[in-house]
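A.B. asks: Turn this into a structure:
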Amino acid sequence: MTQGDSEMEGDVTANGVRLHYKIDGPDEGIPLVFCNSLATDLNMWNEQIAALADKYRILRYDRRGHGQSEAKDEPIEIKTLADDVVALAEALGFKGAHFCGLSIGGMTGQALGLYHPGVFKSLALCATTSAIPKEMHQTWIDRVATVKENGMEAMGDTTVQRWFTEDWISANPSRVAEVRSMIVNTSIIGYSRCCEAISRLDYTSQLGSIKTPTIIIPGEVDPALPPAMSDVIHENLPGSRLETVKGAAHLCNVQAPDQFNDILRRWLDEQSA
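C.D. replies: Prediction:
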């Protein structure tokens, strides 16, 4: 970053939960909020900070029950997570920012468009879905049972294998180790409550009411939330744009950061003009 930039890190109570956050980029930069995937923390966006913090004032945070944020053992919906983002943005001066979320972060972005229109200037919905098919409901419930019985360590290797391609895993052991550490250090409560919320996701029929400018960014070879799910969002959200990260699996922002950053930067610059 250049002279005059500042970094902040701390905690704030938003929507009744303590959330840990970090802010990077110039004080007068264009505001941008990043929302991470399930079982990661704000460090999943490190490659994006390096590419965007020259122009954008970036707020990252650990969603409830993740990273250094508070875990509350109470039922939540995806809307609850959207309410958290809005309260955090209000507390830190990021109303009117652009929003980028991946996986459950992209689900959160849809809830922002549906329930909090006008709070964010644009939405980037990455590697996500607008509904969980009935045949997948049990998968999410089984994951909750697994971590409650065996801890988050049981999710480490299988999750990494879903999130990245095999050749990338072999070629990037240090970054894989960082991501695996995020997974296994996620609160069991936070993971479980978010899995339950994901299992109930059903926004497809409502997408047409979202008026916020939206780009959809899937990973081309994502086995976790396949690109066909992004196609559904695109088809049901009039005026949306879809651009695919070629050769990348679920955490496409980590596996192919240059390509992801180029897509996102072009979108943000256009929406900020």
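
A.B. asks: Residue 71 in helix, strand or coil?
C.D. replies: On the three-state scheme (DSSP: H, G, I helix; E, B strand; the rest coil), residue 71 is labelled coil.

A.B. asks: separation between it and residue 230?
C.D. replies: 30 Å (Cβ to Cβ, to the nearest Å). C-beta here means a position set from N, CA and C on the backbone, and glycine is covered the same way.

A.B. asks: Look at those two and report which has more neighbours.
C.D. replies: residue 230 (26 against 18; other Cβ atoms under 10 Å).

A.B. asks: For that one, pull up the helix or strand it's in.
C.D. replies: Using DSSP states H and E, residue 230 sits within helix 227-236.

A.B. asks: likewise residue 160?
C.D. replies: Using DSSP H and E, the element containing residue 160 is helix 156-163.

A.B. asks: Check which helices and strands that helix is in contact with.
C.D. replies: For helix 156-163, the packing partners by 3 or more Cβ pairs under 8 Å, 6 or more residues apart in numbering; DSSP states H and E come out as helix 173-184.

A.B. asks: what are the C-alpha coordinates of the helix it packs on, in PDB please?
C.D. replies: Extracted as PDB, the C-alpha positions of helix 173-184 are listed here (Å, rounded to 0.1, in the frame of the first residue of the first chain):
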ATOM      1  CA  PRO A 173       1.400 -27.200   0.200                       C
ATOM      2  CA  SER A 174       1.900 -24.100   2.300                       C
ATOM      3  CA  ARG A 175      -1.300 -22.400   1.300                       C
ATOM      4  CA  VAL A 176      -3.200 -25.700   1.600                       C
ATOM      5  CA  ALA A 177      -1.800 -26.000   5.200                       C
ATOM      6  CA  GLU A 178      -3.000 -22.500   6.000                       C
ATOM      7  CA  VAL A 179      -6.500 -23.200   4.700                       C
ATOM      8  CA  ARG A 180      -6.600 -26.600   6.500                       C
ATOM      9  CA  SER A 181      -5.700 -24.800   9.700                       C
ATOM     10  CA  MET A 182      -8.600 -22.400   9.200                       C
ATOM     11  CA  ILE A 183     -11.000 -25.400   8.800                       C
ATOM     12  CA  VAL A 184      -9.900 -27.400  11.800                       C
END
